[in-house]
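In: build me a model from this:
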Amino acid sequence: CGFRLDAQATPKDRLTFQGGAFAAEGRELQQLPTPDPPYTALDAYDLKSHGGNLLGRWVRSAGEPTLFTMQGYVDRTVREQPPYLGRAAQTVADLEIKHRFAAGKHHNVVWGAGGRLNHTDVTGAYPGSVVPARRNTHLLTGFVQDEIAPGAGRLRVTVGTKVEQETFAGLSLQPNVRVL
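Out: Numbering: from 1, shown residues only. This is a model prediction of the structure:
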């Protein structure tokens, strides 16, 4: 089940709130290794899964091309199985902002930043394991881009860069230049 609410808070401000939740149950068969011939055995077990998410967004328009957007999101999912297979839970939280505006007659600038946190918790998990059983990861991003229209013609030059800082890869810079 879910919901969505859109509102025009002021002539310049739009708000969106939405969310959802789910729950599911089922039965699965799994083939497990055994030390004796035939070296496998079938096991039936109950599977339960549940979760939900929420999103909030604010958009402020101050006339073309100026636009400011802020969005936050959180999602939680849990999958439960018998003790020897374990339980897996994941929570993701995300926040981003974006701002677009004209900088003089020939420049259309967009900049933004964001962050994502991910928490994973896995317990049980026979015949394998997840190490570490609990892990927090992150992704931080920032970008800036300028679309330049040097004259009245159709030529457009876009110059920008994106910077990311991520748990596993560390810091990365991604410059970009396009001519259209």
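In: need the contact list for the residue positioned nearest the centre of the chain.
Out: By CA atoms, centre = their mean, the chain has its centre lying nearest to residue 94, at 5.9 Å. If you count contacts by CB atoms under 8 Å, 6 or more residues apart in numbering, residue 94 has them with 71, 72, 73, 74, 114, 115, 116, 117. Heads up, the C-betas are built off the backbone N, CA and C, glycines and all.
In: in which helix or strand does residue 160 reside?
Out: strand 157-166 (DSSP states H and E).
In: I meant to write residue 7 there.
Out: Residue 7 belongs to strand 2-8, assigned by DSSP H and E.
In: which strands and helices sit next to that strand?
Out: Helices and strands touching strand 2-8, by 3 or more CB pairs under 8 Å, 6 or more residues apart in numbering; DSSP states H and E, are strand 13-33.
In: distance of residue 102 relative to residue 95?
Out: Distance of residue 102 to residue 95, computed by CB to CB, to the nearest Å: 26 Å.
In: ok, residue 135 next?
Out: For residue 135, the distance to residue 95 - CB to CB - is 20 Å.
In: show me the strands in this protein, by range?
Out: 2-8, 13-33, 40-61, 67-80, 87-102, 107-123, 134-148, 157-166, 170-179 (DSSP state E).
In: what's the average pLDDT for the fourth one?
Out: Yep, that's strand 67-80 we're talking about. For strand 67-80, mean pLDDT is 96.
In: CA atoms only: put that strand into PDB for me.
Out: In PDB, the C-alpha atoms belonging to strand 67-80 read as follows (Å, rounded to 0.1, in the frame of the first residue of the first chain):
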ATOM      1  CA  LEU A  67      14.800  26.200 -10.100                       C
ATOM      2  CA  PHE A  68      15.800  24.800  -6.700                       C
ATOM      3  CA  THR A  69      15.000  21.200  -5.700                       C
ATOM      4  CA  MET A  70      15.600  19.400  -2.400                       C
ATOM      5  CA  GLN A  71      14.700  15.700  -2.000                       C
ATOM      6  CA  GLY A  72      15.000  13.200   0.800                       C
ATOM      7  CA  TYR A  73      14.400   9.500   0.700                       C
ATOM      8  CA  VAL A  74      14.500   6.600   3.100                       C
ATOM      9  CA  ASP A  75      13.900   2.900   2.400                       C
ATOM     10  CA  ARG A  76      13.900  -0.100   4.700                       C
ATOM     11  CA  THR A  77      13.700  -3.800   3.500                       C
ATOM     12  CA  VAL A  78      13.900  -6.900   5.700                       C
ATOM     13  CA  ARG A  79      13.900 -10.500   4.500                       C
ATOM     14  CA  GLU A  80      13.600 -13.100   7.200                       C
END
